Every structure is written in C-alpha cells, then in structure tokens.
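Participant: got a predicted structure here, sequence first:
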Amino acid sequence: QVRLSRQHNTTGEIALFSPRQKKQTLQEQESVKGKTRDRSSSSAAAMFFASKYAFQGSEEDNLEEVDQEDLAAGWEQSNPVEMVLERGEKLDDLVEKTERLSEEAARFRRAAAPSMMDRLRNSLSSFSLSSAAAAAPESSSSSSAAAAAGAAPPPPPPLPKSQAPRMRFKEKPTHKSAAVRAEVNTNIVAIKLASLADAVAVHTGDAVFCRQCACVFSAVSKLQDKVWACEFCGTANEIDLYPEEIPTTNSVDYILKPAPAVQEADETAVVFCMDISGSLCTTTEVPGHLALRNDRLAALRSSLAGFVEGGPQRLPGQRRDVTYISRLQAMQSAVTVQIEAMATHSPQRRVGFVTFNNDVTVLGDCTAVPLVISGDHLSDRAYVQQQVEAADMLATPVGTSCRALTAKLNGLDEGGRTALGPALLAAVAMAAKRPGSRVVVCTDGLANVGLGSLDTTSQVEQSAARQFYQDVADLAKSKGVAVSIMTIEGQHSQLEDLLTVVENTGGDIERVNPLNMTENINALLANPVLATKVSVTMLLHQALRFKADAAALQKQKSGASAAAAAAAAAAPAGSGSVSKQTQEFGSVDATSEVVYEYALGSSAALTEVPFQVQIRFTKLSGEECLRVLTKMQSVTTKKDVAEAELDVQLCLTNAAQKSARLAQECGYEEARATAYAWRQKIGRVMTKPTAASNSAGAAAGSANAAVDDEVGATVYRQFQQNMATLDATIQQAMATEASDGLQLQEASLGERQAMRKGKQSDAQVHACHNAKKATAKFFK
C-alpha cells in the first residue's frame, strides 16, 4: 500500500513512498542528518554569518507581514500541507474518498446523460419544425409544443447534501485581513563556543588593544610606519611590533595565566541532588514482569509468604501481567546506570549525593559521615553553605566509591515534604570546590520547606524566594558549576522561578516520563563542560549596531512607551563609537552558542565591514586564555543578493531563540508573530529559484547546492515541528487568560508582562528553554 510520507520537498509538493522505498528513504534521511551534523561541526571552529553579505538597507526592508488569520488559526491550521502530514492520514484513505466521489459523479452522469440527449433531440426537432409551426394555425402549434414538452423526461434529482463533495480547506476570503508586521533581519552572526575545545595558534606576545574601542590588533589589521589605523573606529594607534608578533590567522589565543603545575586526571564532579519526598512513591504501570534491583515490594511479599494462604492476594480486577515501578525506583535505576558508567570510563571523577525531603542530607561520596541539615537551619543560608564548605565530602573518586554509592542509593526511602532550596544550595556548595562540575536536580514537586519555598501566596515571600535562586545562580556561575533540573511530566515544580539557576549556569531542563529517566539523565551528562568563567565580547564596526530586542523589552518593562523603546533600540551607534556587547557564562559545553543580530546604517558607503569577538575563559586545567576571532564580511545593498545564500539553520536558530526570549518575557503576541514571520520568510527564500540553478554553466556546483537544499529542507521541517510545540503552549496560556476574564488585547507590552509574570506553566517554560537552545535541541 502507498502511504503518505512525512516528507515534502522545498516546493511544498508531497513526496509519496511505497513500502519498497521505505528503507531507502530512511537511509536518505539519516544521510541528510549526518550532513547536517558534519556541517555544524565544521563551522563550530569560528564565527560564521547567516549570509555571505551584510545587507545595507532601511528598517522597512526587514519587515514581514503576517496575516492575522494565520495567527488566529494556529501553527498547524495555518499550514495545510503540514497539517495533513502531522495528522498522518493514509493515502489509501484519501484515495478511497476520491474514488467514492468519482463513483457518485459517474452515477450522476449516467442518470443525466439520457435526459440531456432527449432535451437536445427535442431542441433540434423544435428548430427544424419552426418554419412549419409559423405557417400553421396557432392552435396546432400550441398542441405540438405541448406534446413535445410532454415527451421530455423530468430532470434528474440533485445529489443529497451528505454525498456532495466538500472543500478540504476553506476558500480564501475576497477581502484581505489585517496583517501584523514583524522584523525578519538576515544580518546575523553566531559564535559556536564549542570552538573553545579546538587547538588554535597561541600568540607569543601580549594582545595589543586599540586605545579608543579596545579591539585587538589582528590578521585583518593594517600596520604602516608603526601606526595602526583601527579598522573598527578609525583611531590611529602607535605600536611597535616585530614581524613574528603580527597575527597571521583569524583565530588567536593569548595566555593570561598558566595552568597549575600539578593536576589530576579529572578534577570535575557530578552531584546528584535527589528528591525523596512522599510523592516519589507514585507508581507507573509497565506491562510484563520486570526484575528490579531494589524491589522492596517483592521482598515484602517474600517475607509474608509464610503467613498468607493461597498465594499472593490481589484486589478485584487487579492485573497480574504488569509491574508497578515507583518514581523513586526509576530514579535509583537511572542514577545507578550513570554511576557505573562513570566508574568504568572516568574512574577519577568525583560523584556525590544530596537528598532532601523534610531534611537535607549531604551524603557526598558515601564514604564519610553524612551531614544532616534540619529544622530552623533549613532557612539559614549562611549555615548551610558554611557547613558544606567546611566538610570534604568528595574526597574519593568514583572508581573507588562506586559500591558505596550504589548501596546507599538503593537503600533510600521516600517520605515527607520537599526542601529543594536548601538542598540545591548544599549541592552547589559541594560542587563549587571543583570548577567544571555539574549538579543534576531530580524532583517531582514544588519547593515547600526552608529557603526558596515557592508554596506561598505572599508577594514578599515569593520575591525572597526568587532572590534566593538568583543568589544560588550567581554562586554557581562564579565557581563554574552547571546546574540542570529534571522534573516529571504532569507535575508542577514552578520552573519559571528555577529557570534562572539553569540558564545562568549553562545547564538544561528536562521534563520526563519516569520510565525514560535513564536516557534523560544520560542526555544531561552527555556534553561535558569545556571551559568555565567564560566572557564573550562582540565588537561591531562604527557603522553597525546591535538589534537590541531584549533591551527594548526591558525599557518597556520599566515604563517607557513602545514607541520610545523602539526608537532607543533603533538609535545609531554614533560617529566614532563602536557597538559592543558582553555576555558571561559560568560554564559552556559543545552545545553552547551566542547569536547576534545587527543592522548596517544606510548612510555609510562600505564594501566590507570587520567583526571581532573576544572570549576570556578558563580551561579545566586552570589555564586562563583570551581567544580573539576576527573576520571581514562583504556588504551589499541588494536584498535578493543577501538572501541568495542564506544559512537556513542559522536563520532558524536565531528565529527560535528570539521567539523564545519574547515568550519568556511574556510578550506572547510578539513571540508568535516573530516565529510566523521567519517561517514565512525562509519558506519563500527556499522555494525561490536561484541564478545558479537557472544557469546552464552551474553544473560544477550543483552537487553542493543539492546537499544544501536537502539539509535546508530537513532543518526547515524540524523548525516547524518543534516551534509548533512552543506555539501551542503560548496559545494555551492565552486561552487560559481569556477564560479567566483577562482582556489584554489593548494592553501595552509592559502591562501584559506585569500581569503574566509568575503564571507560566512548566510545559511553557520547558518549551521556551528548548527553543533558546535551538541548535542543540532542534537541529541535531
């Protein structure tokens, strides 16, 4: 049977595959994914641009109109082809419907054909007798006409409404609905921080900075008579360099501080901060009989077997062919797998435990006496931090402590409430002694005991809790500790307030099914930390400026009008000034990246512009470095030229991240409009024929073009599928607002943000976080 595939080409045509082609199709999909991964890894070693050219034009040139009806219909409904593909309708069902309609049409034609022929013959007969009828008496003519009319059969009855063919999609309205305008800027530059793991040229001298804008003398700089005219601000700098001190490559490392002389094989640690509150006893039904490592229910049955007659007793209707697995058992199994894997592959790494319910128990590597924090101490931040820092709880490597860790893990019992806040502080304080470490929080509920309790309606207490998590984030960030959080699907942990710890430290969030916990923890630990205390500074030429959408939002939040905020974001950098942005990260891994949007003023006449990024970071060895990446980009005033060779993956990465930032800042309407506008833009660019594809002499590059088109189409589909999740959560939030009677249509962005703050669901927070880590999450 031929079925409808979930694949379509860049022109929107549906591709059909038979079962014989299925295996080949899957192989081709894997090939495309491989090409996407290869392409990403090859571009990770330097900064790269969304287009070969920087587009120099007006603000109006970057505006995209999105139909209000598309926004109202939703992501899936406004895209009929994708809607059909996502429904997974079978082609044979569609064919069956078509054949039924064709059969009905054939019956109609067979019924209608005789009457039509009779009418035609009668018309011809009437025409041939018209002259005779005119000469004959009127009575004779009337009787002949009546006889002819009586001979004609009656017309066939109309088809019943239930059998009439219907339109699959509604007809396009004759009037044009109002459109929302969103900015779609292709001037994008990205820095893959995975490049920090690459070996680049180490410069022997010190970096030479411009005295005006602080850019670094690089391979693109021009030195004439010991005078360097800065390519960014134009300032003349007098410098004296030997030929061997002049950089010759676009990527250069400067050593700021050497590594310590004595180093261990792996000084990093993984601390599991585990919830053992009463809700962890909730079970999930799994078909079949499974042998669990820590099956206390089986042990209890065995101990009671001698006291129960007739074998195990069950409730009426209770199934006998299933195994019930609690959340605690799922967590124990998943963490055990990770410990055994680290003991085998990284035996020198440290692994520690912190458990929490009514109390916080710092178990460390389980070879020392546990530290228990309870009572009023759970609300004393200084006490918790000092107690943990004073004890050496990670002295033994996992290769030695593996058995003690697994034994303690399998002996845990659930019960009590959820002291998540003080437990998180204790875990970060323990991991902070080893930069590059990770903390993995496993929880299924809301923090409700001690520091950071979120189970309150008091505004003062909520503000205090948010400040506590911000302080924990600052501590982890300063010590190079990444914090990740794993929660259970369907449970509310108020991730909106915990998110600050994750995103400020370079961690991740997972909402999981308990039975899939092993692979989710593995995903959280799959990318090791590459560097800590990372500071990324991007410098633009004086004719360029950053597109500060986040700054504009912040201005609106502080009370400025939308027009004033937009004007502030669009203001030129000014004569002689260099635009500069700095972002800091506690730690980075292979998925970390920084994406910038910029604009080029229309007044300057330029053929190319320079870009430079300065990255200060500390390697896991303790060596502190400054990496300088410098690159030139050509400039064009023709929009179609800039769009001819767009990097689809980079454009959609920026689109996902920008939409997620707006949604996270509670600008739901702006987030949806931005995502829809980018989808519309990239879809149009991908289906537009290029000059290379139309020319007869482009055969040499056709293979590479085909690969790019294939990769672009795959990335575009992935973007649509994943952004649909974010759009659905936003629509759900807006529907909840409407049901609660909130009228926000006419409210300003600042007012909407104030009313929506603190009301985001865990699913929405998770979707926003995934979109902000677009390359890592979407385009694998």
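Facilitator: Arrived safely, thanks for sending.
Participant: identify the residues contacting the helix or strand containing Glu389?
Facilitator: In the assignment (DSSP states H and E), Glu389 maps to helix 381-390. Helix 381-390 is touched from outside by 360, 362, 371, 373, 377-378, 422, 425-426, 429-430, 432-433, 451, 468, 471, with contacts defined as CB atoms under 8 Å, 6 or more residues apart in numbering. Heads up, the C-betas are built off the backbone N, CA and C, glycines and all.
Participant: 6 Å - rerun?
Facilitator: Val362, Ile373, His377, Pro422, Leu425, Ala426, Ala429, Met430, Leu451 (CB atoms under 6 Å, 6 or more residues apart in numbering).
Participant: check stretch 353-362 too.
Facilitator: The contact list for stretch 353-362 (CB under 6 Å, 6+ apart) reads 272-274, 276-277, 363, 370-374, 388, 416-417, 419, 422-423, 426-427.
Participant: now the helix holding Glu389: buried residues?
Facilitator: Of all the residues in helix 381-390, those buried under the rule 16 or more other CB atoms under 10 Å are Arg381, Val384, Gln385, Gln387, Val388.
Participant: could you flag which of the contacts of stretch 353-362 are buried?
Facilitator: Among these, the ones that count as buried by 16+ other CB under 10 Å are 272-274, 276-277, 363, 371, 373, 388, 416-417, 419, 422-423, 426-427.
Participant: okay, and which of the residues you listed map to strands?
Facilitator: Counted as lying in strands by DSSP state E, out of these, are Phe272, Cys273, Met274, Leu363, Leu371, Ile373.
Participant: low-confidence stretches in this protein?
Facilitator: Counting by pLDDT under 70, the chain shows low-confidence ranges at 1-46, 76-97, 108-178, 262-266, 288-315, 317-321, 548-576, 602-604, 688-712, 776-780.
Participant: need the contact list for His203.
Facilitator: His203 is in contact with Val252, Tyr254, counting by CB under 6 Å, 6+ apart.
Participant: please shift the residue numbers so they start at 53 in all later answers.
Facilitator: Got it, first residue is 53 now, which makes that one His255.
Participant: roughly how far does it sit from Gly674?
Facilitator: For His255, the distance to Gly674 (CB to CB, to the nearest Å) stands at 20 Å.
Participant: now the strands for the stretch 653-802 of the chain?
Facilitator: Per DSSP state E, counting those that start in this stretch, the stretch 653-802 of the chain carries strands over the ranges 660-671, 676-688.
Participant: burial-wise, tell me which of the ones you listed comes out on top.
Facilitator: strand 660-671 (a mean of 21; mean count of other CB atoms under 10 Å).
Participant: quick one: the helices in the stretch 603-752 of the chain?
Facilitator: Remark: helices assigned in the stretch 603-752 of the chain by DSSP state H, counting those that start in this stretch are 614-622, 691-695, 700-716, 720-739, 743-746.
Participant: and the ones you listed: which comes nearest Gly802?
Facilitator: Comparison of these against Gly802 by CB to CB identifies helix 614-622 as nearest, at 8.4 Å.
Participant: skip the chain neighbours and tell me the closest residue to Ala583.
Facilitator: Nearest-residue entry for Ala583: Phe669, 4.1 Å, with adjacent residues in sequence omitted and distances by CB to CB, 6 or more residues apart in numbering.
Participant: look up how far Gly638 lies from the one you found.
Facilitator: As judged by CB to CB, Phe669 and Gly638 stand 11 Å apart.
Participant: please apply the same query to Ser510.
Facilitator: From Ser510 to Gly638 the distance is 30 Å (CB to CB).
Participant: quick one: which of those two has more around it?
Facilitator: Of the pair Ser510 and Gly638, Gly638 is the one with more neighbours under other CB atoms under 10 Å, namely 25 against 9.
Participant: spatially, what comes nearest to the more buried one if we skip its sequence neighbours?
Facilitator: Distance criterion CB to CB, 6+ apart; nearest residue to Gly638, sequence neighbours excluded, is Lys529 at 3.4 Å.
Participant: likewise for Thr300?
Facilitator: With sequence-adjacent residues excluded and distances taken as CB to CB, 6+ apart, Thr300 is closest to Ala271, at 5.7 Å.
Participant: also Ile667?
Facilitator: Using CB to CB, 6+ apart and skipping the chain neighbours, the partner closest in space to Ile667 is Arg679 (4.4 Å).
Participant: so the one you found touches Asp305, yeah?
Facilitator: Yes: under the criterion of CB atoms under 6 Å, Arg679 makes contact with Asp305 at 5.2 Å.
Participant: for the nearest residue to Ile298 once chain neighbours are set aside, give me phi and psi.
Facilitator: In space, and not counting its chain neighbours, Ile298 is closest to Leu275: 6.9 Å by CB to CB, 6+ apart. Leu275 adopts backbone torsions of phi -120, psi 120, taken as degrees, to the nearest 10.
Participant: and Leu275, what are its bridge partners?
Facilitator: Trp280 (DSSP bridges).
Participant: count the neighbours of it for me.
Facilitator: Leu275 has 15 neighbouring residues, counting by other CB under 10 Å.
Participant: before we move on, what about Phe637?
Facilitator: Neighbour tally, Phe637, other CB under 10 Å: 24.
Participant: same check on Leu551?
Facilitator: Residues within reach of Leu551, counting by other CB under 10 Å, total 22.
Participant: and what of Thr643?
Facilitator: Per other CB under 10 Å, the neighbour tally for Thr643 reads 18.
Participant: also Gln783?
Facilitator: Residues lying near Gln783 (other CB under 10 Å) number 16.
Participant: how close does it get to Arg731?
Facilitator: 15 Å.
Participant: same deal with Lys460?
Facilitator: 50 Å.
Participant: higher neighbour count, the two?
Facilitator: Arg731 (24 against 18).
Participant: which elements pack onto whichever helix or strand comes after the helix holding Glu441?
Facilitator: Once the chain leaves helix 433-442, the next helix or strand it forms, by DSSP H and E, is helix 450-462. For helix 450-462, the packing partners by 3 or more CB pairs under 6 Å, 6 or more residues apart in numbering; DSSP states H and E come out as helix 379-397.
Participant: what's the helix it packs on in contact with?
Facilitator: So helix 379-397 is contacted by 324, 332, 334, 346, 401, 403, 450-451, 454, 457-458, 461-462, 466, 494, 496, 566, 569-570, 573 (CB under 6 Å, 6+ apart).
Participant: kindly report the same for stretch 471-491.
Facilitator: With CB under 6 Å, 6+ apart, stretch 471-491 has contacts from 319-323, 325, 404, 406, 408, 412, 414, 430, 436-437, 440-441, 445, 495, 499, 501-504, 524, 527-528, 531-535, 581, 584, 672.
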